[in-house]
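> sequence and predicted structure, then a few things I'm wondering about:
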Amino acid sequence: MVDANARRQRAGRRILFAMPMKDVRLAKTRLAPILDDDRRERVAYHMFEDSQRFFADRFPSVDRLVVTPSERIAGAARALGAWALVEPTTAGLNAAARRARLWATERRYDGIVIIPCDIAFWVAEEIEELVESGNENDVVVAPSIDGGTNALSLRLPSTLPFRYGPQSADRHLAEARARGLTTAQCHLAFLSHDLDTPEDLAAFGRTNAGMPEADHDRHCGAQH
Ligand SMILES: Nc1nc2c(ncn2[C@@H]2O[C@H](COP(=O)(O)OP(=O)(O)OP(=O)(O)O)[C@@H](O)[C@H]2O)c(=O)[nH]1
Ligand SMILES: C[C@H](OP(=O)(O)O)C(=O)O
């Protein structure tokens, strides 16, 4: 009975997917050595659009917020069914995350899942796993293969300091533990692959080389 009630409560949680996105002119700068500006901007825009279509198609009932300094991206986000929050300047991912969390808190969402717009392959089951783990834990981190944070789920309200940057996955978990929050880490094979470097792009182009072979490589586990 307790379980059934808890499940019903979780099912009623309102969450927000928050997706930070730069102006494409400043995006994907690590690809500049191999792509001219036009191609680099197209890659950035294509990945952004792909992310929005994926969430609109597979998670139509979950609100999305795109945080961006770009009016062009904001307009495209709205056309693809998202809310858009326009930042006055490009102030970094930590600042964008803080803005998104404030927006969500003011609107009384129960949770926020911050996800970048540069994942090579989106897999709905991975996102479901992440959301489910976020229903059970205050803070959930899905690391990228280089130790970054490719998804961060927070139960709201939250005062966790954002630590995007090198090795941010461990840093987010450490900050959460230091505050006595419940934490989990999700190992999600596809979500761990953002497309940042020329090597990532080459792997992406080689029919899944460098990508996980099967989509069953996913699990979330509590961290103590
Ligand atoms: N709104 C906003 N989004 C950002 C900012 N910095 C990064 N992002 C977004 O956060 C996600 C991960 O970004 P990064 O991998 O750090 O940046 P990137 O533009 O994809 O690639 P690099 O320029 O090579 O670092 C992408 O969706 C970015 O567009 C920022 O200052 N503001
Ligand atoms: C989003 C980013 O992940 P990376 O690009 O380092 O994988 C970070 O955690 O700062």
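Yep, that arrived. Ligands and ions are numbered 1, 2, ... in the order given.
> in stretch 145-164, what's buried?
148-156, 158, 160, 162-164 (16 or more other C-beta atoms under 10 Å). The C-beta positions use only the backbone N, C-alpha and C, and glycine is treated the same way.
> mind checking if it is in reach of ligand 1?
No - Stretch 145-164 stays clear of ligand 1 (C-beta under 6 Å from any ligand atom), getting no nearer than 7.3 Å.
> and that stretch, how far apart are its ends?
Terminal residues of stretch 145-164 lie 14 Å apart, using C-alpha to C-alpha, to the nearest Å.
> residues touching the residue nearest in space to the middle of the chain, list them.
In the chain, the residue lying closest to the centroid (C-alpha atoms, centre = their mean) is residue 115, at 0.8 Å. Counting by C-beta atoms under 8 Å, 6 or more residues apart in numbering, residue 115 touches 17-19, 51, 150-151.
> dump the longest helix that the chain contains to CSV, restricted to CA.
Counting by DSSP state H, the longest helix found in the chain is helix 37-58. Extracted in CSV, the C-alpha atoms of helix 37-58 (Å, rounded to 0.1, in the frame of the first residue of the first chain):
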residue,chain,number,x,y,z
ASP,A,37,32.8,28.1,-39.5
ASP,A,38,29.8,27.4,-41.7
ARG,A,39,30.1,23.6,-41.2
ARG,A,40,30.8,23.9,-37.5
GLU,A,41,27.7,26.1,-37.0
ARG,A,42,25.6,23.7,-39.1
VAL,A,43,26.7,20.7,-36.9
ALA,A,44,25.8,22.7,-33.8
TYR,A,45,22.4,23.7,-35.1
HIS,A,46,21.6,20.2,-36.4
MET,A,47,22.4,18.6,-33.1
PHE,A,48,20.3,21.2,-31.3
GLU,A,49,17.4,20.6,-33.6
ASP,A,50,17.8,16.8,-33.3
SER,A,51,17.7,17.0,-29.5
GLN,A,52,14.5,19.1,-29.6
ARG,A,53,12.7,16.8,-32.1
PHE,A,54,13.7,13.7,-30.0
PHE,A,55,12.2,15.1,-26.8
ALA,A,56,9.1,16.5,-28.6
ASP,A,57,8.5,13.1,-30.1
ARG,A,58,9.4,10.8,-27.2
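> hey, C-alpha coordinates of whatever helix or strand comes next after that helix in PDB?
Sequence-wise, the next helix or strand downstream of helix 37-58 (DSSP states H and E) is strand 63-68. Extracted C-alpha coordinates of strand 63-68, given in PDB (Å, rounded to 0.1, in the frame of the first residue of the first chain):
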ATOM      1  CA  ASP A  63       8.100  20.600 -20.400                       C
ATOM      2  CA  ARG A  64      11.300  21.700 -22.000                       C
ATOM      3  CA  LEU A  65      13.200  24.900 -21.400                       C
ATOM      4  CA  VAL A  66      16.000  26.000 -23.800                       C
ATOM      5  CA  VAL A  67      18.400  28.500 -22.100                       C
ATOM      6  CA  THR A  68      20.300  30.500 -24.700                       C
END
